[in-house]
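[1] Please work out how this folds:
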Amino acid sequence: MAVVLPVKDISPKWGDGCFIAPNATLVGEVLMGNNCSVWFNAVIRGDVNRITIGNETNIQDGAVIHATYLKASTTIGNRVSIGHNAIVHGCVLKDNILVGMGAIVMDNAVVEPYCIIAAGAVVLENTHCESGYIYAGTPAKKIKPITEEQRALLNKLPDNYIMYADWFM
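    Next up, the predicted model:
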């Protein structure tokens, strides 16, 4: 059974059709929309600040979602895919984004819709990622515009994860 813990009498809440893996952890002020999935060993820790997640978003295996006390909450939009072992911390991710495996997005960064944060990239604090581009490297830099195929992937990937979650529910 997933670890779901209140902090200061505030418990995580999620909408209809969500899959929370048996060893995932949700703590404190976490508000998640409908048809989301939180995969094995993922941690969403809303203990020091609020974490808000839209609809049809997937938080893949080993990912960590956190925030900064008195400084930066975390807001994740609709149809966002956060890859295995990624860290999303005190930032804003808008809709239809892929945060690649092992990538890190830091405090007060803003990632606009239809961006790909490449695997292993580090988006530094206060960075603004423009819509429609791939960001890669350490620190992450704008590399090139996404292709039509990549845009299609950003539209399809959340549907895949909704399907995968159905296999467990």
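
[2] show me where the chain has helices.
    Counting by DSSP state H, the chain has these helices, from start to end: 148-168.

[3] can you list the weak-confidence ranges in it?
    Filtered on pLDDT under 70, the chain yields no residues whatsoever.

[4] any idea how far Cys91 is from Glu112?
    When distances are taken as C-beta to C-beta, to the nearest Å, Glu112 and Cys91 turn out to be 12 Å apart. C-beta here means a position set from N, CA and C on the backbone, and glycine is covered the same way.

[5] can you check Gly15 too?
    Here the criterion is C-beta to C-beta. By it, Gly15 lies 22 Å from Cys91.

[6] And for Cys36?
    When distance is defined by C-beta to C-beta, Cys36 is 18 Å away from Cys91.

[7] what do you get for Thr127?
    Here the criterion is C-beta to C-beta. By it, Thr127 lies 9 Å from Cys91.

[8] Compare the two (neighbour count), which wins?
    A count of neighbours by other C-beta atoms under 10 Å puts Cys91 above the other of Thr127 and Cys91, at 27 against 20.

[9] what about the longest strand in this protein?
    The strand spanning the most residues in the chain, taking DSSP state E as the definition, is strand 43-53.

[10] List the contacts of that one.
    With C-beta atoms under 8 Å, 6 or more residues apart in numbering as the test, strand 43-53 has contacts from 7, 10, 12, 24-33, 36, 38, 59, 63-76, 80, 90.

[11] Go again with 7 Å.
    Where contact means C-beta atoms under 7 Å, 6 or more residues apart in numbering, the residues beyond strand 43-53 that reach it are 7, 12, 25-33, 36, 38, 59, 64-69, 72-76.

[12] Once you drop chain neighbours, what's closest to Asn58?
    Take Asn58 and drop its neighbours on the chain: the residue closest to it by C-beta to C-beta, 6 or more residues apart in numbering is Tyr161, 3.7 Å away.
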